[in-house]
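Student: Need a 3D model of the following:
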Amino acid sequence: MYASIEAGGTKFVCAVGNSDLEIIERVSFPTTTPEETMNHVFAFFDQYKDEIKAFGIGSFGPIDIQEDSATYGYITKTPKTHWVDFDFIGAMKKYLDVPMMWTTDVNSSVYGEAKLGAGVDLDHVLYYTVGTGFGGGSIYKGRFTQGHSHPEMGHALVRRHLDDDYAGYCPFHGDCIEGMASGVAIEDRLGVRAETLGSDHPYWEIEAYYIAQSVYNATLYLSPNIVILGGGVMKVPGLLDKVKVAFAEILNEYLQVPDLDEYIVLPKLEDDAATLGNLLMAKELATV
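Tutor: Numbering: from 1, shown residues only. Here you go, the predicted model:
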């Protein structure tokens, strides 16, 4: 068995799979305090504990990914105050000392899509998740794009829409992309959850403008072969098309890019991207 933990800001998704990457069982529960949430994690994996060969773990961040760091495996300066400086990998190793791949939750998703989904056979795959938070990750020729730390694309600054006077939700930067376009920002701005808004609500033009800026910035900085837009917010009917229109307007024919229907897409693996990415990373780690 291989194990997956997708540690999201709103919920944890835990799963086990076999060597064929078939998901045997998967559960989810709310992200609360570390003690309460990790107790749920351990309780789920207890039944498979003797069979698990490795874990793939993707967490909300920022996280410390430097293996020679004293705080490797920690969640660091997150807006979720209960989790600041939480030793995630330390807690997991006390539970079960097996190999563990440690990365961000969006990196888990981009790995799944690059290896098994919309990005198969492409050199450079970029994934944005637009959900409770807003994050991004990319893979170039099989390796994550990172250096001293992992990317925090969701905290890049964006140009404000002319019809938007919202101050921004991010406690660190205010009107960064996460502060303007994440699920919590939408709810804070409008007083309702994103999924309750009709697809014809005028706000979606504003949302598409911010997402399109992120795709534009990634296009100029990284020149990916494909940009995959996942997360709960992207399930709104028609939003993807609005993003493509806004992106074309912002780009203004400055660069040649692939056909937009092939360049800006939804995840092929849908909600399984992070789980399958984690299971594949765990399998690869266990067989090294």
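Student: elements contacting the lengthiest helix in the chain?
Tutor: Secondary structure of the chain per DSSP state H: the longest helix is helix 203-222. Under the contact criterion of 3 or more CB pairs under 8 Å, 6 or more residues apart in numbering; DSSP states H and E, helix 203-222 touches strand 124-130, strand 134-140, helix 177-181, helix 183-190, strand 226-230, helix 239-251. Every residue, glycine included, has its C-beta placed from N, CA and C.
Student: again, only this time at 7 Å
Tutor: Counting contacts by 3 or more CB pairs under 7 Å, 6 or more residues apart in numbering; DSSP states H and E, helix 203-222 packs against strand 124-130, helix 177-181, strand 226-230, helix 239-251.
Student: Now G238: closest residue in space, sequence neighbours ignored.
Tutor: S199 (5.0 Å; CB to CB, 6 or more residues apart in numbering).
Student: Same question for E152.
Tutor: P62 (6.2 Å).
Student: Strands of the stretch 51-200 of the chain, residue ranges please.
Tutor: Under the criterion DSSP state E, counting those that start in this stretch, the stretch 51-200 of the chain contains strands at 54-59, 74-75, 86-87, 100-104, 124-130, 134-140, 143-144.
Student: Adjacent strands (with direction) for the third one?
Tutor: It stands for strand 86-87. As defined by DSSP bridges, the strand partners of strand 86-87 come to strand 74-75 (antiparallel).
Student: cool, the fifth one as well?
Tutor: For strand 124-130, the pairing partners within the sheet under DSSP bridges are strand 134-140 (antiparallel), strand 226-230 (parallel).
Student: Quick one: neighbours of the closest residue to T219 other than its chain neighbours, just the number.
Tutor: What sits nearest to T219 in space, not counting adjacent residues and going by CB to CB, 6+ apart, is V257, at 6.3 Å. Neighbourhood size, V257 [other CB atoms under 10 Å]: 20.
Student: closest one to E284 among the helices and strands packed on helix 203-222?
Tutor: Nearest of these to E284, taken as CB to CB: strand 124-130 at 16.8 Å.
Student: what is the mean pLDDT for that closest one?
Tutor: The pLDDT scores in strand 124-130 average 97.
Student: could you check the angle helix 203-222 makes with it?
Tutor: Strand 124-130 runs at 150 degrees relative to helix 203-222, counting by axes from the mean of the first three to the mean of the last three CA atoms, to 10 degrees.
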